[in-house]
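Trainee: give me the fold of what follows.
(2 chains)
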Amino acid sequence: MILRVAGRTVCGGVADLRDDSVDASTVVSAIRGRDSPRGTQWPAPSEVHERAGFVRPGMGLATRTALAAAGRSRGLSTPVADELDAVRAEMAAVDERLAASDAPVVRPETEPSSPDTDRERLRERVAELRGRVQALEAADRDPGDARSRLRDAARRLSELETERVAAVETRERARERRDLRDRRFRLEDREANLERDARAHLVDELRGEYAAALDSLAAIGADSTGATPAATDHVDGDPFEVDPVSAALAVLRVARIRVPVVLAVDRFDGPAAAARWLGAPVVRL
Amino acid sequence: MLLVITYSRAARQSLRNVCRGHEDCVVRRFGRAALFESTAFGAFQALRLREKHGLDVQVERVEPFTPGDVPDGVREAAAAYENRDTPSVPYRQFAAGTDHPDPDVLRERDV
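Mentor: The predicted structure is shown next:
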């Protein structure tokens, strides 16, 4: 890594910033690429880094989820991968159609403006007036007034029919959009279930490695303090119930990390030892 | 009553939270949908959901259904059909040659 901070440049796998007065969150943000570049040159951070990459006292960690992310960082596949891809592809297709059809929404909740009975009555009226006009013409009388009333009624009827057709179309388009939304909703649920399955698979597959990493960490701790820290003593317990710091370090070791890990804890014999153990560049704060 | 239907996981979760937190205005729950009281408070909760999730929330008004408002012929057809002698007869066949309305005619009419 090449890191420019506090007026100097640090190259290599380890940056020891304990003597520099740098703000931890600034460093983390820079590493995760959320701030404007501050002399960082490396690829965008992965999910496992987002979750476990800043190791500090008092941190929290969704350990299983982080371990699954570690699996993904190593490109491990799962039995549901193909189905997940298919579901996501379908979701993308539905999203495209939704985006296209969401254009001018004309009050989808509006009902047709006139009830059937109005139109029926008007239809009868038009028929009646037409009959009257024809009768007057047949009797050689002036249809005048009746004809103009017929014209008005016919025009009004035509307006109502057009309104109804438009309203029905709007309603049908609204229903189509809702059908698309519904389909997307069911895909969302399926995606979440598949993601859950994938996570469980990855956790299963990496459980051994993760537990071994915890063991190794405990051994280091025993070496340096002469006693085994209770926190990493998981031999009889659930490896996912250890303290977040130990869990994070173990997950990071299991993961494939290219972006520097930010360490604000003292578990190793110096930052270089930490970098070697983790298999990742380290910024020690 | 107001019928609230959700169309995304996030919207469904919000609806669940409302139903849990404001039981008094919820008439019935159906998971991804619910019936709210047709009060200003019920409308307020429904509109909050709309604000939050946009088109992923559908709100409709629900009115009491009075069979008397439906044309007699339709009611009579329903009753007659449910009381038919031969259970396996589809309605179209049952209605043919009788005064009962054709299913196509029934589809064309709004009620």
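Trainee: from chain A, which residue is nearest to chain B?
Mentor: A:R181 (3.9 Å; Cβ to the nearest Cβ). Using the backbone N, CA and C atoms, a C-beta is placed for each residue, glycine as well.
Trainee: dump the residue contacts of the closest residue to that residue other than its chain neighbours.
Mentor: With sequence-adjacent residues excluded and distances taken as Cβ to Cβ, 6 or more residues apart in numbering or on different chains, A:R181 is closest to B:Y7, at 3.9 Å. The contact partners of B:Y7, by Cβ atoms under 8 Å, 6 or more residues apart in numbering or on different chains, come to A:R178, A:R181, A:D182, A:R184, A:F185, B:L55, B:D56, B:V57, B:Q58.
Trainee: list phi and psi for the residue most central in space within chain B.
Mentor: With distances taken as Cα atoms, centre = their mean, B:V62 lies nearest the centre of chain B, 7.0 Å away. Main-chain torsions, B:V62, degrees, to the nearest 10: phi -120, psi 130.
Trainee: pull out the buried residues from the contacts of B:Y7.
Mentor: A:R181, A:D182, A:R184, A:F185, B:L55, B:D56, B:V57, B:Q58 (16 or more other Cβ atoms under 10 Å in any protein chain shown).
Trainee: does the fourth one touch B:R9 like I think?
Mentor: Yes. In this structure, A:F185 sits in contact with B:R9. The criterion is Cβ atoms under 8 Å, and the distance is 7.2 Å.
Trainee: rounded mean pLDDT for stretch A:33-53, please.
Mentor: The average pLDDT within stretch A:33-53 is 71.
Trainee: just the helices from the stretch 1-150 of chain A, written as ranges.
Mentor: A:24-31, A:47-52, A:63-73, A:81-101, A:116-138, A:144-225 (DSSP state H, counting those that start in this stretch).
Trainee: and the residue in chain B that chain A sits nearest to, how far from B:K52?
Mentor: Closest to chain A within chain B is B:Y7: 3.9 Å, counting by Cβ to the nearest Cβ. Separation of B:Y7 from B:K52 (Cβ to Cβ, to the nearest Å): 13 Å.
Trainee: report pLDDT for A:L214.
Mentor: Value for A:L214, per-residue pLDDT: 95.
Trainee: what of the one 10 residues further on?
Mentor: The per-residue pLDDT reported for A:S224 equals 62.
Trainee: what residues are up against the residue nearest to A:M91 when sequence neighbours are not counted?
Mentor: Leaving aside its chain neighbours, A:M91 sits nearest to A:L187 (4.8 Å; criterion: Cβ to Cβ, 6+ apart). The contact partners of A:L187, by Cβ under 8 Å, 6+ apart, come to A:V87, A:E90, A:M91, A:V94.
Trainee: secondary structure element for the nearest residue to B:T6 once chain neighbours are set aside?
Mentor: Leaving aside its sequence neighbours, B:T6 sits nearest to B:R12 (Cβ to Cβ, 6+ apart; 4.4 Å). Using DSSP states H and E, B:R12 sits within helix B:9-21.
Trainee: who are the packing partners of that helix?
Mentor: Contact here means 3 or more Cβ pairs under 8 Å, 6 or more residues apart in numbering or on different chains; DSSP states H and E; on that basis helix B:9-21 packs against helix A:144-225, strand B:2-6, strand B:26-29, strand B:33-36, helix B:40-53.
Trainee: so which bits of it are buried?
Mentor: B:A11, B:R12, B:S14, B:L15, B:V18, B:C19.
Trainee: ok, now which ones touch the residue of chain A closest to chain B?
Mentor: A:L98, B:Y7, B:S8, B:L55, B:D56.
Trainee: follow-up on the earlier one: could I get the helices and strands packed on helix B:9-21 as JSON lines with distance to A:R64?
Mentor: As requested, the helices and strands packed on helix B:9-21 are exported to JSON lines (distance: least, Cβ to Cβ, whole Å):
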{"stretch": "helix A:144-225", "distance to A:R64": "5"}
{"stretch": "strand B:2-6", "distance to A:R64": "28"}
{"stretch": "strand B:26-29", "distance to A:R64": "31"}
{"stretch": "strand B:33-36", "distance to A:R64": "32"}
{"stretch": "helix B:40-53", "distance to A:R64": "29"}
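Trainee: what's the closest of the ones you listed to A:I31?
Mentor: Of all the helices and strands packed on helix B:9-21, it is helix A:144-225 that lies closest to A:I31, at 22.1 Å by Cβ to Cβ.
Trainee: ok now the closest one, how far from the chain's centre?
Mentor: With Cα atoms, centre = their mean, to the nearest Å as the basis, helix A:144-225 stands 12 Å off its chain's centre.
Trainee: which elements pack onto whichever helix or strand comes after that helix?
Mentor: Next helix or strand after helix A:144-225 toward the C-terminus (DSSP H and E): helix A:244-254. Contact partners of helix A:244-254 among helices and strands, from 3+ Cβ pairs under 8 Å, 6+ apart: helix A:47-52, strand A:54-55, helix A:63-73, helix A:144-225, helix A:271-278.
Trainee: rebuild the ones you listed as TSV, extending it with distance to B:G42.
Mentor: Listed next are the helices and strands packed on helix A:244-254 as TSV, based on distance: least, Cβ to Cβ, whole Å:
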stretch	distance to B:G42
helix A:47-52	40
strand A:54-55	45
helix A:63-73	37
helix A:144-225	21
helix A:271-278	55
